[in-house]
Each structure stands twice: as structure tokens, then as C-alpha cells.
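Student: pasting the sequence and the predicted coordinates here, then a few questions.
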Amino acid sequence: MSQKIYFTNSPARIIDEYINDSGTPKTFILTDENTAKCVLPHILSESRQLRDAEVITVKAGDINKNLDSLSYIWERLQNGGATRRSLLINLGGGMITDMGGFAGATFKRGLRFVNMPTTLLSAVDAAVGGKTGINFNGLKNEVGAFKEADAVIISTTFFNTLPLEELKSGYAEMLKHGLIDGKEAYRRLISYNIESADWDNLLDMLEESVNVKRRIVTEDPFEHGIRRALNLGHTIGHAFESHSMKHNSPIPHGYAVAWGCVTELILSRLLLGFPGEELHRFADYVHDTYGPFVFTCEDYPELIELMHHDKKNMSSEINFTLLKDVGEIEIDHTCSEDDIKSALDIFRDLMHI
Ligand code: GLY
């Protein structure tokens with residue numbers, strides 16, 4: 001992985017040095033309407049190099065991560081005279097780093113881009129590792145490319161204006177990295193109270209967490225094997241997310257991942273002997289931080305059907321990443337529908353539903 005990742009309390013200084021050192025002739029900033037109001041003015045007031053940058057603003061929300069917005073970005077780059085030596089800065093959450101990354105990968109067959117994630121979720125996941133793309137024809141991330149940002153600038157100073165729900169959502173991906181990585185990092189994470197986060201502490205923990213992803217992506221950039229470890233919690237998490245969306249009570253992505261991790265640890269316990277004490281401790285932490293995800297056994301068929309549609313499956317069987325213990329990963333595990341139903345029963349018990 002050649003991409004440089006900065007962890008800093010002074011993002012404007014880092015981007016100024018980056019632009020200065022790379023001799024960038026023209027800079028574009030891609031952002032969305034919310035970030036343009038909450039974050040962009042601060043970074044523009046603190047940076048010298050960004051004063052003349054051309055700002056491209058798109059509508060906020062994953063629904064706008066589409067071909068129309070992408071076409072608008074290409075048009076603005078073209079009209080603004082972008083060349084392969086230009087720099088595109090993607091300032092925003094995962095929607096912006098995904099779509100801006102794809103614009104950067106494709107415009108003139110590729111121009112340099114830097115990700116500046118402004119949410120914890122995008123800092124810990126989307127901004128790092130080179131997955132770029134847009135939603136298409138009703139399917140999420142259907143069209144895209146693997147293309148790493150030249151640099152990622154991560155700063156908790158961007159998180160000041162984030163609602164607590166957004167912070168907690170991003171923290172779930174950190175918990176996932178802790179479970180994958182091993183006991184020491186994991187212990188720190190489940191002893192931390194994200195509801196009263198201290199930005200300096202969080203920056204240190206974020207660095208440790210992003211480095212878990214960095215190590216895995218370096219080993220397997222195109223997801224042929226071990227990168228699938230990063231899907232822990234996501235097979236069931238995506239089913240929870242889609243189910244809640246279909247029933248008009250959408251849940252944040254990270255909440256779905258946290259509940260998905262609990263259910264997949266239950267499967268890990270049933271099938272691989274994951275330690276019961278660890279499972280209970282994790283389930284209690286998730287219950288206290290995220291509350292319960294409420295459903296009944298009548299929802300099981302629909303949830304299982306959604307799991308069958310997960311694009312990580314290679315065949316008609318449902319594919320999981322499971323753990324033998326914290327830090328002991330088993331990718332490509334298939335489970336029977338009866339195992340999944342038992343895990344959903346136990347999840348409801350552990351969540352006191
Ligand atoms: N979000 C998981 C990955 O980047 O592979």
C-alpha cells in the first residue's frame with residue numbers, strides 16, 4: 001500500500017505541505033452541501049494553498065452517490081481545466097470519498113486525489129483502502145474501481161460538529177477492527193466510552209484501528225482472500241440495515257455492523273467455540289452503547305433472504321467471516337439456515353428482547 005496516511009490535529013498545515021511539496025498546479029475540492037457549511041469554511045480559513053481551489057459541491061446523502069452527481073463532477077473538472085497533474089481533494093464522509101475516488105480514478109484515466117474524511121465512519125473505513133464507486137440501478141456500490149488515494153489526512157478536529165449517533169456508528173467499525181486484530185487493541189476499545197470521547201485519545205485509537213485495515217489491505221488489495229476479514233459483522237449487519245430500510249425505520253450503518261458483529265460472534269461460538277465470556281462482554285458493550293435491534297422470529301425468513309443476496313456470497317450459500325477467538329480469523333465460512341436461526345434467537349436473548 002503506497003498511500004500515505006496522516007493522523008493530525010492540524011489538517012490544513014498537512015494539506016498545505018502536501019500541495020507545496022507535490023507542485024500541484026490546480027486544486028479542486030469535492031464536498032457535499034452539509035460539509036460545505038460545517039467544515040469547509042474552517043479549512044479554507046486556515047489553509048494558504050486552498051484559497052484558489054475550485055470547490056465542487058454535490059447534494060448530501062448516499063442517494064446522491066449516483067451517475068448524475070458523478071457526471072456533474074467530471075463536467076466541473078473538465079470546465080475547470082483539470083489535467084492529470086491536478087489534485088482533487090475529497091472532503092466529506094464515505095459518500096464523497098467513494099464518489100470522488102471514482103471521479104479521480106476515471107477522469108483523464110486518473111488524476112491524483114487526497115481523501116480528507118470528515119466522519120469517523122469514513123476515516124476508519126471508506127477513505128482508506130482504495131474501494132471507490134457509485135450506486136447504480138438501485139444497487140449499492142455497483143460500479144467502481146480499486147484506486148487508492150495518494151494520501152489520506154485523518155483528523156478528529158473534523159468531528160466536532162458530528163452528532164453522537166454518527167460517532168457511535170463509526171466506532172462500530174473500530175470495534176470490528178479490534179475483534180479482528182487481537183486482544184490488546186480490543187480490550188482498549190471495549191473499555192472506552194465513545195459517548196464522552198476525548199479527541200486526542202480517539203486520534204490515537206483511530207491510528208491503531210486504521211493500521212489494522214492498512215495491514216490487511218496491503219496483503220490483499222483486491223479482496224481475493226484475507227481482506228474478506230473486514231466483512232466481519234457485515235453479512236448479518238447488511239441484512240439488518242436493509243430490513244430496517246424496507247420497514248421504514250432506517251438504522252445507521254455502524255449500528256447494524258455492531259449488532260451484526262454480536263450475531264456473527266454467536267455463530268462463531270456455535271461453530272468454532274469462540275469463548276462465551278468474550279461473547280457476553282461484547283454483547284453487553286453493544287447493548288449499552290447501541291441499544292437493542294428489535295425484531296421477531298417472523299422476520300427470520302426475510303432476514304435470511306437478504307443474507308442470500310449479499311454480494312460477498314460466491315454461491316447460493318451464505319458466506320461469513322467468523323472468529324475462533326479475538327484475533328483468530330476464519331474467512332469463507334458457510335452456515336446453515338438453522339445455525340443462523342439459532343444465532344438470531346440467542347441475539348434476541350442477549351439484547352433482552
Ligand atoms: N469496507 C471493507 C473494505 O474496505 O474492504
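Tutor: The structure has been received and is ready for your questions. Numbers count the residues shown, from 1 in each chain.
Student: give me the residue from the stretch 1-150 of the chain nearest the ligand.
Tutor: Gly129 (4.4 Å; Cβ to the nearest ligand atom). Just so you know, the C-beta spots here come from the backbone N, C-alpha and C atoms, and that holds for glycine as well.
Student: give me the three-state assignment for that residue.
Tutor: Secondary structure assignment for Gly129 (DSSP: H, G, I helix; E, B strand; the rest coil): coil.
Student: just the element for Lys37, please.
Tutor: helix 33-38 (DSSP states H and E).
Student: ugh, wrong one, His280
Tutor: Element membership for His280 (DSSP H and E) is helix 276-290.
Student: three-state assignment of the residue of the stretch 151-300 of the chain found nearest the ligand?
Tutor: Taking Cβ to the nearest ligand atom, the ligand has its nearest neighbour within the stretch 151-300 of the chain at Leu230, 3.9 Å off. Recorded secondary structure, Leu230: helix (three-state DSSP).
Student: near the ligand, which residues of this protein?
Tutor: 125, 129, 131, 227, 230 (Cβ under 6 Å from any ligand atom).
Student: which of those residues lies closest to Ile346?
Tutor: Leu230 (24.2 Å; Cβ to Cβ).
Student: where does pLDDT dip in the stretch 1-150 of the chain?
Tutor: 1 (pLDDT under 70).
Student: and the helices in the stretch 51-200 of the chain?
Tutor: Residue ranges of the helices in the stretch 51-200 of the chain, as given by DSSP state H, counting those that start in this stretch, are 67-79, 94-106, 120-121, 164-181, 183-190, 199-219.
Student: in the second one, what counts as buried?
Tutor: Right, the one you point to is helix 94-106. For helix 94-106, the neighbour count (16 or more other Cβ atoms under 10 Å) marks 94-106 as buried.
Student: export it to PDB, keeping only CA atoms.
Tutor: What follows is helix 94-106, C-alpha atoms only, in PDB (Å, rounded to 0.1, in the frame of the first residue of the first chain):
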ATOM      1  CA  GLY A  94     -17.900   7.900   2.700                       C
ATOM      2  CA  MET A  95     -20.200   9.100   0.000                       C
ATOM      3  CA  ILE A  96     -17.700  11.800  -1.000                       C
ATOM      4  CA  THR A  97     -14.600   9.700  -0.700                       C
ATOM      5  CA  ASP A  98     -16.200   6.800  -2.700                       C
ATOM      6  CA  MET A  99     -17.600   9.000  -5.500                       C
ATOM      7  CA  GLY A 100     -14.600  11.500  -5.600                       C
ATOM      8  CA  GLY A 101     -12.200   8.500  -5.600                       C
ATOM      9  CA  PHE A 102     -14.100   7.100  -8.600                       C
ATOM     10  CA  ALA A 103     -14.000  10.500 -10.300                       C
ATOM     11  CA  GLY A 104     -10.300  10.700  -9.600                       C
ATOM     12  CA  ALA A 105      -9.800   7.100 -10.900                       C
ATOM     13  CA  THR A 106     -11.600   7.800 -14.200                       C
END
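Student: which one is Ala12 nearest to, not counting chain neighbours?
Tutor: With sequence-adjacent residues excluded and distances taken as Cβ to Cβ, 6 or more residues apart in numbering, Ala12 is closest to Glu46, at 3.6 Å.
Student: if I look at that neighbour, how far off is Pro275?
Tutor: 48 Å (Cβ to Cβ, to the nearest Å).
Student: quick one, what contacts Lys108?
Tutor: By Cβ atoms under 8 Å, 6 or more residues apart in numbering, the contact list for Lys108 reads 82-84.
Student: which one of these is nearest Ile73?
Tutor: Ala82 (10.1 Å).
Student: look up phi and psi at the closest one.
Tutor: Phi and psi for Ala82, reported as degrees, to the nearest 10, are phi -70, psi 140.
Student: ok, it touching Gly110?
Tutor: No: with contact defined as Cβ atoms under 8 Å, Ala82 does not reach Gly110; the gap is 11.4 Å.
Student: out of the two, which sits in the more crowded spot?
Tutor: Ala82 (23 against 12; other Cβ atoms under 10 Å).
Student: need the residue closest to the centroid of the protein.
Tutor: The centre of the chain sits closest to Asp125, judged by Cα atoms, centre = their mean, with a distance of 3.4 Å.
Student: which one is it nearest to, not counting chain neighbours?
Tutor: With Cβ to Cβ, 6+ apart as the criterion, Asp125 has its nearest non-adjacent residue at 4.8 Å, and that residue is Glu173.
Student: I figured that neighbour hits Ser122, correct?
Tutor: No: proximity of Glu173 to Ser122 does not meet the contact threshold set by Cβ under 8 Å, at 9.7 Å.
Student: for the closest residue to Ser86 other than its chain neighbours, grab the count of nearby residues.
Tutor: Leaving aside its sequence neighbours, Ser86 sits nearest to Lys26 (Cβ to Cβ, 6+ apart; 4.6 Å). When neighbours are defined as other Cβ under 10 Å, Lys26 has 17 of them.
Student: also Asn211?
Tutor: Residues lying near Asn211 (other Cβ under 10 Å) number 16.
Student: can you give me the helices for the stretch 201-350 of the chain?
Tutor: Taking DSSP H, counting those that start in this stretch as the criterion, the stretch 201-350 of the chain carries its helices at 234-246, 253-272, 276-290, 300-308, 337-350.
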